[in-house]
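> Have a look; sequence and predicted model below, questions after that.
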Amino acid sequence: MSTTLVQLETPNTMISSIENACSRIAPLWPLQSFVAVNPFLGLMNMSFGQAAQLFERVTTGGILAPADHYLSKISRGEIVEADVQASARQKGMAIPKGMAVAWLTAELSLPSEGTRVLSVASWLDSTRATTWSNFIADEISKWCSSYFDEGQSAWEMPFRNLPLLEAWMRAASVDANTSVAGLKGFRDLLKQAAIKTNDSEAMILWALNRLPVPDAHLEEYLHSLLLSVSGWSAYAAYKDRCGASPKILPQLLAIRLLYDLALLPTAKAWKCSETALYEQGGTATLEIAQLAAEHAYRNRLTQNLISSSQPKRNTRPALQAVFCIDVRSEVYRRALESQDTTIATTGFAGFFGMPIGVGDTARCPVLLSPGYQVEEGLIPTKARNLFSSLANAWNLLRRSTVGCFSSVEVAGLFSGSNMIRSAWSGAHNHPPSIEPLHWDIPLEERINLATGALKGMSLEPSKLALAVLLCGHGSRTENNPYAAGLDCGACGGHAGDINARFAVALLNDPEVRASLPIPADTVFIAGLHNTTTDEVTLFDAPANANHIQNWLNAASKLARRERNSNFEGNIDAEVKRRSADWSEVRPEWGLAGNAAFIAAPRERTSSLNLGGRVFLHDYNDAADTDGSILSLILNAPVVVASWINLQYYGSTVNNRLFGSGNKVLHNVVGTFGVWEGNAGDLRTGLPMQSLHDGEKWMHEPLRLQVFVATQRERMDEVMRASTDVRNLVENEWIHLMSLEGNRIFQCRKVGEWVELTSA
């Protein structure tokens, strides 16, 4: 293939449209390091309402729930007059008193018109009842799954040493599938394109010069092409985020564009935009309805926070237990605190301020990079590599065309007994194995890590309890491609046990403690909260910690009953069975229901049952004299929580585009993603079984409500210094509130706050 670049006319509008369309695609992390990603990550510079209008034009389904969702809330009394009035006012509308609900109901029931941007393939599908969009998605998926395969396939795709665009052109030019399907002249078109260039940007420009796309619709047209293979676009964006060179997403865009160009001769009447009719509710009306639903939830939470504050604890606790801010911890923390008045709990990011890497795996939020390397285990590196090689060889034998038969003969009985044990005995419900941790970190840096962790957790060294438990969280399920998604949604799909053990080792280190005012009788203990079974395992606990384990066991029972109140019979046994059942599609609900984030002293929320819907982060405004902890909370945990919240939101309102469909039909692709069935686009987001119980939704799509116990002016300072946080708030991707005693204010934009408590 020629590598000569042809000098083409490159108007600035074309170049910027390519870049902007690609920048709108959020990355998709692989299954083994699943990250809860905000699917609207590339749209943070526009408002939520503008993004809703954009998606109405470039795809189907959009980013707002259907009108029936809001109408059912109105009929159940979950959205009332005050909610609609407040939402309308926020959007600059005035509705006569007492008429708001009736107005919204009527508007949601009316059809509306809008503009749709259509690819050539989607235009043909809508006007001639063809299935070109599905065919193209299948073809691109076929080549991408082969190109990106990470060892699942025994036979590798040729040309994988080449950039994606060139590898695809070589493979597709000898594949007759397009001709058989009726896409005449496709391979001839590839020859023309190959003569021109193999550079993705120049290829796109070459194709666009042959397509009648007006400048006004160019960016949205390119965006719609990427969304037509949204899963592979997201995975390409992930690869680019990891430093792929040349960038992969523009290459994928060029590939998708050539399919449209090949279809153009059969679609001579095609125009890339047309007027579309929507059955119920326009985007502006749906946005007001969404705001009303969020106002209803916020109003209930605000009233509870006003009346909830408890006296500050003056006595020294017997146990301080630090849990991740994950919403699943809220249920467990209440259960544990109910065991004894001497127990206090705290919420902090589940990596405990320890940005470490283990092997080639980062054990910290993806917004951070590991600063320190920790080694795990007694097995020498060479032996580990040998075991890994043997395991890989066995997997290749099982998957190969001939070896798969002999592998069944060799291991069939063993595999069968293992399946029976998994199904009936719950044999996999045992604590994770513990291996020693090793590191080489200078003392001064260990002291700094320990000091920073205690400050971030709002733990005053001189006022620590007799026992301080740092409790990470993870899950244990069987036969679950989304297993990593049930671990920490921020930390690349990894549990927090190693971070907890590492932090505890530092805080128990005599050399470190010599520089910190930690009471001599304080002992730090590491633990792991299994969110699937609500069991807590302690690591290397002292001999006199039996009473702590008893408290934890009793709290586990309470938490299991609250989370699984719909189960009948022996709840403990049923929960454990589900976690070990390789046919179970709903082993746990993950973070379904998440709706709010509260950063405040625990006494502000300790008397409230928040229903497992709130991220709880301890924060002592008075101790944060320089505002550094506030800045960290808004720039890291709040951002991460918004990613999780918006992933659940997107997967619920438009599972076709932002979710992953029916988990029962999933097939793992290349070890890193899933198809729904045996072909089609790579699926992103959450499966329906993580959001719906078969009869009703388990997640309510609401944007995150963030409450911080501090002055408005302090948060204004953080937002002025952070474009990311300011965009989240001012563009209404989250709602930010200031808790100032019994007064609560909501931020509209930096320096502009509205009091909620006086309404």
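Nice, I can see it.

> Which residue is the nearest non-sequential neighbour of F135?
Distance criterion Cβ to Cβ, 6 or more residues apart in numbering; nearest residue to F135, sequence neighbours excluded, is A181 at 5.8 Å. Using the backbone N, CA and C atoms, a C-beta is placed for each residue, glycine as well.

> cool, L538 as well?
Distance criterion Cβ to Cβ, 6+ apart; nearest residue to L538, sequence neighbours excluded, is G527 at 4.9 Å.

> these two touch, right, that neighbour and V536?
Yes. Applying Cβ atoms under 8 Å as the test, G527 and V536 come out as touching, 5.3 Å apart.

> anything in contact with each of these two?
Common contacts of G527 and V536 (Cβ atoms under 8 Å, 6 or more residues apart in numbering): 471, 552.

> Show the low-confidence segments of the protein, by residue range.
Applying pLDDT under 70 to the chain flags residues 1-11, 154, 195-198, 280, 378-433, 489-490, 492, 758-759.

> Which parts of it belong to which domain?
For the chain, automatic domain parsing gives the domain ranges 12-57+119-273, 59-116+278-282, 313-378+435-578, 381-424.

> mind checking which helix or strand F524 is in?
Assigned by DSSP states H and E, F524 belongs to strand 523-530.

> The helix or strand following that strand vs strand 523-530, what angle?
Helices and strands here follow DSSP H and E; after strand 523-530, the next one along the chain is strand 535-539. Orientation of strand 535-539 against strand 523-530 (axes from the mean of the first three to the mean of the last three Cα atoms, to 10 degrees) gives an angle of 140 degrees.

> Contacts only, for A318.
Taking Cβ under 8 Å, 6+ apart, we find A318 in contact with 340, 342-343, 465-467.

> let's see 6 Å
Neighbour list for A318: 342, 466 [criterion: Cβ atoms under 6 Å, 6 or more residues apart in numbering].

> ok so, going back, give me the contact list for the strand holding F524.
Residues from elsewhere that reach strand 523-530 (Cβ under 6 Å, 6+ apart): 467-474, 476, 497, 500-501, 504, 507-508, 536-539, 541-542.

> For PyMOL, write the select line for the buried members of these.
Those of those that count as buried under 16 or more other Cβ atoms under 10 Å are selected in PyMOL with:
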select buried, resi 467+468+469+470+471+472+473+474+476+497+500+501+504+507+508+536+537+538+539+541
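
> In strands, which of the contacts of strand 523-530 appear?
Counting by DSSP state E, the contacts of strand 523-530 place 467-474, 536-539 in strands.

> Show me which pair in the residues you listed is furthest apart.
Spanning the widest gap among the ones in strands among the contacts of strand 523-530 are A467 and G474, at 21.7 Å by Cβ to Cβ.

> Quick check: A86 vs Q711, distance?
Applying Cβ to Cβ, to the nearest Å, the value for A86 to Q711 is 24 Å.

> can you give me the helices in the stretch 151-300 of the chain?
In the stretch 151-300 of the chain, the segments counted as helices under DSSP state H, counting those that start in this stretch are 164-172, 177-180, 186-196, 200-208, 215-228, 230-241, 249-263, 283-306.

> Likewise for the stretch 351-500 of the chain?
Per DSSP H, counting those that start in this stretch, the stretch 351-500 of the chain carries helices over the ranges 381-399, 403-424, 443-456, 497-508.

> Count the residues that sit near T684.
Neighbour count of T684, defined by other Cβ atoms under 10 Å: 26.

> which residues touch it?
Going by Cβ under 6 Å, 6+ apart, T684 touches 28, 231, 234.

> now with 8 Å?
Contact partners of T684, counting by Cβ under 8 Å, 6+ apart, are 28, 39, 230-231, 234, 658-660.

> Let me know the helix or strand that it is in.
When elements are assigned from DSSP H and E, T684 belongs to no helix and no strand.

> which residues sit in contact with the closest residue in space to L368 that isn't next to it in sequence?
Distances taken as Cβ to Cβ, 6+ apart put P355 closest to L368, at 5.1 Å, once the chain neighbours are dropped. By Cβ under 8 Å, 6+ apart, the contact list for P355 reads 364, 368-372.

> Report how many residues lie close to Y297.
Using other Cβ under 10 Å, the number of residues around Y297 comes to 19.

> Distance check, E56 against L632.
Taking Cβ to Cβ, one finds E56 at 37 Å from L632.

> Looking at the two, which one has more neighbours?
E56 (23 against 19).

> who's in contact with the helix or strand that that one is a member of?
Element membership for E56 (DSSP H and E) is helix 48-58. Applying Cβ under 8 Å, 6+ apart, the set of residues contacting helix 48-58 from outside is 40, 43, 46, 61-64, 114-117, 220, 223-224, 227, 278, 283-284, 286-287, 703, 731-733.

> can you do 7 Å?
Identification of contacts with helix 48-58 by Cβ atoms under 7 Å, 6 or more residues apart in numbering yields 40, 43, 62-64, 114-117, 220, 223-224, 227, 283, 287, 731-733.

> Many thanks, I have nothing further to ask.
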